[in-house]
Structure formats: C-alpha cells, structure tokens
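Novice: coordinates for the following, if possible.
(2 chains)
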Number of protein chains: 2
Amino acid sequence: MKIKELGEFGLIDRLAERIGEKEGLIKGIGDDCAVLDDEYNYTLLTTDMLVSGDHFNKKWHSPRQIGRKSMVVNISDIAAMGGYPEWSLVSIAIPDDIDVEYIDEIYSGMLEACQSYGSTIIGGDTTHGDILVINVAIIGKVKKEDLCMRGDAKIGDRVCVTGDLGKSWAGLDLLRAGKDGYTRYHLQPECRLEEGRKLAHHVNAMIDVSDGLASEVNHICRESGVGALIKKEKVPISKKTKEAAKTLDKDPMFWALSGGEDFELVFTIPEEKMSFIKDIDFTEIGEITEEGVYLLNGEKTELKGGYDHFNL
Amino acid sequence: MKIKELGEFGLIDRLAERIGEKEGLIKGIGDDCAVLDDEYNYTLLTTDMLVSGDHFNKKWHSPRQIGRKSMVVNISDIAAMGGYPEWSLVSIAIPDDIDVEYIDEIYSGMLEACQSYGSTIIGGDTTHGDILVINVAIIGKVKKEDLCMRGDAKIGDRVCVTGDLGKSWAGLDLLRAGKDGYTRYHLQPECRLEEGRKLAHHVNAMIDVSDGLASEVNHICRESGVGALIKKEKVPISKKTKEAAKTLDKDPMFWALSGGEDFELVFTIPEEKMSFIKDIDFTEIGEITEEGVYLLNGEKTELKGGYDHFNL
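Specialist: Below you'll find the predicted structure:
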C-alpha cells in the first residue's frame, strides 16, 4: 500500500498499535511528547526530524534559521504538555557541498533557541548524507499536576488558541511566489513555552499547532472522545497574514486551518477558569461538544484538513 | 572550510567547544552517551542517524535489517557505558517510492532488536524526505558504580576487545563486489549489551567499535591522557573474515583497524582484575602506556586510521 493512501496519521496509528505498554510509561505514541513517571515529576520526550526541501529550504532559510527552527519545533511539543525543556540531542547528516561555516551557523541558531527557551545540547551524531537532515530529541520535565494531554478535553470546555494562525504558511506561500512581505514568522518561528507553563495550571487539553488548526482540534477530539464546534469568524488571523493572502489571491482561512507550523497552542478550558488566564494573548474560538468536529460559518460543516507530510 | 578537511572528529570537537557545562550533566559531548545524574542512577542518552546509501544500502539490506541496525548501533553505545537501554524515540523520513509494508518491516526489525536488548519505542516522528533516513534516540540507565567512560584508562591497564574485528567490513566489501560469503554480520550486527554490563564492574575505560579499533583506541587515549601499545598479532580476526579477505585480495587488518561497525567493546582493565571476567569471549591486545598510540609489529608504528564519514 502506498503511504499516501494511509496518510501520515494513519501510518502513525499503524505503528503505535504495534507498541505495547510498559511500567513507568504514562503516555507513549499519540501526544506531543512521550511521558515517563520519574517519581517527583514527569519526564517529557520528543523528537522531530527536519529534512531539506521538506521542512526548510536552503534557498530562503539561512543556516541560522534552520538551526533555530529545528529546536523550536521540538520545544513547542514540550510547551504543549505544560513542561519545560532540559536536554537536547542533535543528529545531523551533512552533504558534501556544505562547508564548516554553514554548520557553525546552524549550531548558532540552535544555541540561540536553547538560550531563549532554556535547553542544553548534550550530545548527538554528526554524519554524512546526500541531503541535509537534522534530528533533534529533547528531554524535558513537567510537574505532575501541570501535565496537559490531548485527551483531557471535557464537554462544555471552551476551545481557545494563543496568538494568531496562518502566519507561517503566509510566509511560505510568499517565498514560493518569490514575493516580499510577511515571511519573518515562517523563516524564524517562535513557540509558546512560557504561555504553555502558565496555561498548564488551568486548562484540560492542550496541543501545539504543527499541522493546522483543523488537524489539532481533531486530535484533541479523537483522543478525548468528544466533539467540537469551532466558530469560523473567531479564528484569529492577523492583518499581515490577510494582506499576504490578498497579495497572493489566497484564502488565509485555509492557511489557518491546514497550513500548520504556527506553533501556537490550542487548549480547552472550563468556562469558569478562563478568568484565571492572565497576561496571555489568546482567543476563544469554540467549544467542546458531545460528538462531531464542526466548523460553524452560518451553517455547520465538518472541520477537515490539516497538513499531511505525505499528501501535499 | 570543507568538512573533509576538518574530518568528522574535528567537526565534533568544534561543536563540543561551543557547548557549556550545566548542573546535573556528568558528561556531555565526547563519549558514547551523554550522562545525567538522576540521584539514584545515571541516565544515559544517545542518538544515531542512519542515512540511506551511507549507513545501509537498500540493494542488500532488507527493511527488517535496516530497522534492526538502527536500534543496535544505539544500544551498542549504551553497552559501552556499562548500562542498559530503556526507552527509544524513532524518527523516520520516508521517500515517495516506499510503501507501507516496507515501513512495517523496518519497524519489525526495530521491535526485534528492542525485544532482544530490552528497550521500548515510546515516540517519534514520521515524515517525508527525498531519501530514507532513520534517527533513533535511546534513554538508558546505569548504576553509578558501573559507569564506564572513555576517559578512565590508567597507565598499565591491559587493553582488551570482545569477540573479533573486521567482520562488518568483510561483509560490506563482499556485498560491494557482488560476492557471496560472510555478509551476515554486516547485514545484521549484534551488540555486546550483556557483556558490557558484566564488564562494567571491573574495567576502567570502555568504548564500542563503531569506527574501527584504531579510532577507538585513540579516543580512549585522548580522553584519558595516556598512550597505548597494541600488538598487531593479537588483534582478533576470525577465520571467516580472513577467508573473505583472501577472496577479495584485501587486508583483513585494515578492516579491523579502520572498518568499524563491529560493535564489539574495547576496554582497559588492571591486570589483577582480569581473572574476574568470566564467560566473556575477549582477547588481550595490548596495554596502556604513558604516551603515544602505537601498533607493535616487530617495530612500533603510529596507530592511525579509523572510519570518518566525511573522508571515505
């Protein structure tokens, strides 16, 4: 069977089914991080692989930005669990046409992100490959009472998202079209580590936006055994993203729902706890329901979409 | 500067220099694993990236063998510290021409190795890439008193190696030449996990053979600030490896010293402790000296060589 037919998440399900439970393992495959019980806290483990041409483009990403992104995508997974990163392992496959200074710059970007978000590179693997590939694995921690999983959404919870969506794909589509504009966020994403830690005390479910809002809301609903109703007009899209959409004659809502790589946090929270969230820029976009995942725009339509690495 | 000029280990040194110390970190870059203090034990962290064409060849490795190897190379690093593996994270970049059944087989190989050596896959990343790339990161444990580092060799220690050397490159060179023969070990390497744990109580320094004996002995000497004298006629090379060398008109000693991927353990041990090593197949090949790393074969020559991923 072709992987395209199964899709990225079908493939992950297929692999997850083959892997058993084990003592000390709180959560294996199926959340932003794996979670281990280490007595006092939970240990968080996550890994992400960035492949040249798929996850970055040497034509428009500087090596420093490539390095930075490789850390940020991982730290965002830690943020989505309510935790903080501690240790990083970096593997890199380097093709013949890349020189030492380029690799230095990649590491500068990684170290910059480590400094911003508080992680330390403690090991890795440096090898040759026909294309540039970077894999980062991060070990983090979260207080037991702060752990936020995808599967803890409750019926009646408000669905909220930090910041605004669609900005990464606005930048990507501008770069692909060879146009200037709001490319900063695509080239140099941030993640919501501090916000994640603040939110962790109050929210039920949380996930980061790697594959677009549609995909993330569906993950929460599937893992929690609930539904959701998202109000289309509430989905936060910035003026700059809308301007980019206008320039390119594209739909910014598509970027928000299916683009991904915004690294914002989607969370569900009981209404009575919403007032506890202070000093965080977020928007309420809908609510958790009994079943069905819908987008409300006058009428209710199924909330579909999301980025799949095998179906572009 | 070209990476070839700096070499793999020069590049690693360059990166390591930029990374600081941190509380709780016993050893960062520069050993088989990073080592963290977790109060009761040490936590071991290691990662290895396998790139199609560089670390395996789809022409002669079955997908099951590729999966198995991706685990074994990492578990071998845990073995070299005297520890045992616990948790694994698997990242995989999959090109368009690979189907689901092929990926299933890769995971079968990984799970087989996990079962043999006692690790559990708990997470990862599944993505697209133009070539097949697998990264495994493993978290393991070692009792504090059992930790074996490269840098603990003492002058006068005997230098020993488990099993025999050169067998992986014997297989690789046979496969490259399109000849049958002793290819089993190259296609399906084992590692010395049980031996590593038994040796850990007694040895001073330990390292696994990833890049050839010459490279590993030099690592031990550099990290320990000592020298070594290796007796060429003592280096264990099996009859099968010698037969392969004869078939191909190659020097089996070159495979042993510079081939790598034998995943045996090189260790240094005080002479009076050698009798404590029971039920392990090993050979004494030399001793730790004050300075200089030499091969003795009638006369003393510098022990050079070792596999470098950027200088093939």
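Novice: what's the local residue count around A:T289?
Specialist: 17 (other C-beta atoms under 10 Å in any protein chain shown). Every residue, glycine included, has its C-beta placed from N, CA and C.
Novice: for the closest residue to it other than its chain neighbours, give its distance to A:D104.
Specialist: For A:T289, ignoring the flanking residues on the chain, the nearest one in space by C-beta to C-beta, 6 or more residues apart in numbering or on different chains is A:G227 at 4.2 Å. Distance, A:G227 to A:D104, using C-beta to C-beta, to the nearest Å: 50 Å.
Novice: one more: A:G118?
Specialist: Relative to A:D104, and taking C-beta to C-beta, A:G118 is found at 22 Å.
Novice: neighbour count winner among these two?
Specialist: Ranked by neighbour count (other C-beta under 10 Å), A:G118 and A:D104 place A:D104 first, with 17 against 13.
Novice: the residue lying closest to that one once chain neighbours are set aside sits in which helix or strand?
Specialist: Computed as C-beta to C-beta, 6+ apart, the closest residue to A:D104 that is not its neighbour in sequence is B:R14, at 7.4 Å. According to DSSP states H and E, B:R14 maps onto helix B:3-17.
Novice: try A:V161
Specialist: Using DSSP H and E, A:V161 sits within strand A:158-162.
Novice: which residues sit in contact with the residue most central in space within chain A?
Specialist: Taking C-alpha atoms, centre = their mean, the centroid of chain A lies closest to A:S210, which sits 3.1 Å from it. By C-beta atoms under 8 Å, 6 or more residues apart in numbering or on different chains, A:S210 lies in contact with A:73, A:76-77, A:216, A:260-261, A:263, A:307.
Novice: what's the farthest-apart pair in the residues you listed?
Specialist: Based on C-beta to C-beta, the longest span within these runs between A:D77 and A:Y307 and measures 15.4 Å.
Novice: quick one: the strands in chain A?
Specialist: For chain A, the strands defined by DSSP state E occupy A:25-27, A:34-37, A:41-51, A:84-94, A:120-128, A:133-143, A:158-162, A:205-208, A:227-231, A:265-269, A:282-289, A:293-297, A:299-302.
Novice: quick check: the residue nearest to A:D104 touching B:M1?
Specialist: No. Applying C-beta atoms under 8 Å as the test, B:R14 and B:M1 come out as separate, 9.9 Å apart.
Novice: where do the contact lists of these two overlap?
Specialist: Residues touching both B:R14 and B:M1 (C-beta under 8 Å, 6+ apart) are A:V100.
Novice: who has more neighbours out of these two?
Specialist: More crowded of B:R14 and B:M1, by other C-beta under 10 Å: B:R14, with 16 against 13.
Novice: for B:E8, see how far away that one is.
Specialist: The gap separating B:R14 from B:E8 is 11 Å, by C-beta to C-beta.
Novice: quick one: contacts for the residue lying closest to A:H186 once chain neighbours are set aside?
Specialist: Nearest residue to A:H186, sequence neighbours excluded (C-beta to C-beta, 6+ apart): A:G171, at 2.7 Å. A:G171 makes contact with A:181-187, A:244, according to C-beta under 8 Å, 6+ apart.
Novice: pull the most distant pair out of the residues you listed.
Specialist: Among the contacts of A:G171, A:L187 and A:A244 lie farthest apart (C-beta to C-beta), at 13.4 Å.
Novice: these two - which one has more neighbours?
Specialist: More crowded of A:L187 and A:A244, by other C-beta under 10 Å: A:A244, with 26 against 20.
Novice: next up, the contacts around the closest residue in space to that one that isn't next to it in sequence.
Specialist: Closest residue to A:A244 apart from its sequence neighbours, by C-beta to C-beta, 6+ apart: A:A170 at 3.9 Å. Applying C-beta under 8 Å, 6+ apart to A:A170 gives the contacts A:181-182, A:185-186, A:240-241, A:244-245, A:252, A:255, A:259.
Novice: could you dump those residues to JSON lines with pLDDT?
Specialist: Shown next, in JSON lines, are the contacts of A:A170 (pLDDT from 0 to 100):
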{"residue": "A:G181", "pLDDT": "94"}
{"residue": "A:Y182", "pLDDT": "96"}
{"residue": "A:Y185", "pLDDT": "96"}
{"residue": "A:H186", "pLDDT": "96"}
{"residue": "A:K240", "pLDDT": "97"}
{"residue": "A:T241", "pLDDT": "98"}
{"residue": "A:A244", "pLDDT": "97"}
{"residue": "A:A245", "pLDDT": "97"}
{"residue": "A:P252", "pLDDT": "96"}
{"residue": "A:W255", "pLDDT": "96"}
{"residue": "A:G259", "pLDDT": "90"}
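Novice: from chain B, how far out is the residue nearest to A:A244?
Specialist: 22 Å (C-beta to the nearest C-beta, to the nearest Å).
Novice: and for A:G28?
Specialist: 4 Å.
Novice: which residues does that residue contact?
Specialist: A:16, A:19, A:21, A:34, B:120-123.
Novice: ok, of those residues, which come out buried?
Specialist: Neighbour-count burial (16 or more other C-beta atoms under 10 Å in any protein chain shown) applied to the contacts of A:G28 gives A:19, A:34, B:120-123.
Novice: from those, which is closest to A:L295?
Specialist: B:G123 (30.0 Å).
Novice: can I get stretch A:204-219 in PDB, CA atoms only?
Specialist: What follows is stretch A:204-219, C-alpha atoms only, in PDB (Å, rounded to 0.1, in the frame of the first residue of the first chain):
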ATOM      1  CA  ASN A 204      -7.800  20.500  30.400                       C
ATOM      2  CA  ALA A 205      -6.400  19.600  27.000                       C
ATOM      3  CA  MET A 206      -3.600  21.300  25.100                       C
ATOM      4  CA  ILE A 207      -1.700  20.700  21.800                       C
ATOM      5  CA  ASP A 208       0.600  22.800  19.600                       C
ATOM      6  CA  VAL A 209      -0.300  23.900  16.100                       C
ATOM      7  CA  SER A 210       2.100  22.000  13.900                       C
ATOM      8  CA  ASP A 211      -0.300  20.800  11.200                       C
ATOM      9  CA  GLY A 212      -3.000  23.500  11.200                       C
ATOM     10  CA  LEU A 213      -6.000  24.200  13.500                       C
ATOM     11  CA  ALA A 214      -8.200  21.600  11.800                       C
ATOM     12  CA  SER A 215      -5.800  18.800  12.500                       C
ATOM     13  CA  GLU A 216      -5.100  19.800  16.100                       C
ATOM     14  CA  VAL A 217      -8.800  20.200  17.000                       C
ATOM     15  CA  ASN A 218      -9.400  16.800  15.500                       C
ATOM     16  CA  HIS A 219      -6.500  15.300  17.500                       C
END
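Novice: not counting sequence-adjacent ones, nearest residue to A:G292?
Specialist: Leaving aside its sequence neighbours, A:G292 sits nearest to A:G227 (C-beta to C-beta, 6+ apart; 4.4 Å).
Novice: give the contact list for the nearest residue to A:L132 once chain neighbours are set aside.
Specialist: Leaving out its chain neighbours, the residue that sits closest to A:L132 by C-beta to C-beta, 6+ apart is A:S52, at 4.1 Å. Going by C-beta under 8 Å, 6+ apart, A:S52 touches A:58, A:131-133.
Novice: show me just the buried residues among those residues.
Specialist: A:131-133.
Novice: switch the residues you listed over to a markdown table; also include distance to B:K27.
Specialist: Listed next are the buried ones among the contacts of A:S52 as a markdown table, based on distance: C-beta to C-beta, whole Å:
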| residue | distance to B:K27 |
| --- | --- |
| A:I131 | 31 |
| A:L132 | 28 |
| A:V133 | 26 |
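Novice: which one of the residues you listed is nearest B:M274?
Specialist: A:V133 (43.3 Å).
Novice: contact partners for the closest one?
Specialist: Applying C-beta under 8 Å, 6+ apart, we find A:V133 in contact with A:49-52, A:91-93, B:49, B:51, B:93, B:129, B:133.
Novice: export those to a markdown table and tack on distance to B:G28 and pLDDT?
Specialist: What follows is those, written out as a markdown table (distance: C-beta to C-beta, whole Å; pLDDT from 0 to 100):
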| residue | distance to B:G28 | pLDDT |
| --- | --- | --- |
| A:M49 | 22 | 97 |
| A:L50 | 22 | 97 |
| A:V51 | 26 | 97 |
| A:S52 | 27 | 96 |
| A:S91 | 15 | 97 |
| A:I92 | 16 | 97 |
| A:A93 | 21 | 97 |
| B:M49 | 18 | 97 |
| B:V51 | 24 | 97 |
| B:A93 | 27 | 97 |
| B:G129 | 28 | 95 |
| B:V133 | 24 | 98 |
